[in-house]
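Asks: Okay, sequence plus prediction incoming.
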Amino acid sequence: MEAKRSPYLKHLYVCVNRRDPPEASCAPGGSEGVREKLKSYVKENGLKGKVRVSSSGCMDLCARGPNVMVYPDHLWYSNVALADVDRIIEEHLAPLVTESAK
Ligand code: FES
C-alpha cells in the first residue's frame, strides 16, 4: 500500500447511483446533469488539478437525492437541482478561481 496527500483543494462527490423505481436513487433526479455542470465549471475555469468532481455510489440518503458531498468542507447537499449547482459553485469553487487569478 502507498499513501500520499491528495493534490485537490476540493473534492466533490456526486451520487449517480440508479435504481429501478419505486426505489429512490439519485440519478433519476438528475444527478448526472449536476455532475456534468460541476465538471464543466472546473474545466472552463482552469481548476483541473485543483478540484476533482467524482461520481459516487450510494451515500445512504437516497430519498433526499440528488446528493453532493464537498470535501474538505464536510458539507452534504441534498435535493440538489441543476439550478442549485450555481450556489455550490459560488460557495466552494468560485473563490478558487479568484485565488488562481492572483
Ligand atoms: S442513491 Fe444516491 S444516496 Fe443512495
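Replies: That came through, no problem.
Asks: and the most centrally placed residue in the chain, helix, strand or coil?
Replies: Residue closest to the average C-alpha location in the chain (CA atoms, centre = their mean): L12, at 3.6 Å. For L12, the assignment made with DSSP: H, G, I helix; E, B strand; the rest coil gives strand.
Asks: pLDDT value on it, please?
Replies: Here the pLDDT value assigned to L12 is 98.
Asks: And for the one 4 residues further on?
Replies: For V16, the pLDDT comes out at 98.
Asks: partner residues bridging the closest residue in space to it that isn't next to it in sequence?
Replies: Spatially, and ignoring its direct neighbours in sequence, V16 is nearest to S55 (4.6 Å; CB to CB, 6 or more residues apart in numbering). Where C-beta positions appear, they are placed from N, C-alpha and C, glycine not excepted. For S55, the beta-bridge partners are V14 (DSSP bridges).
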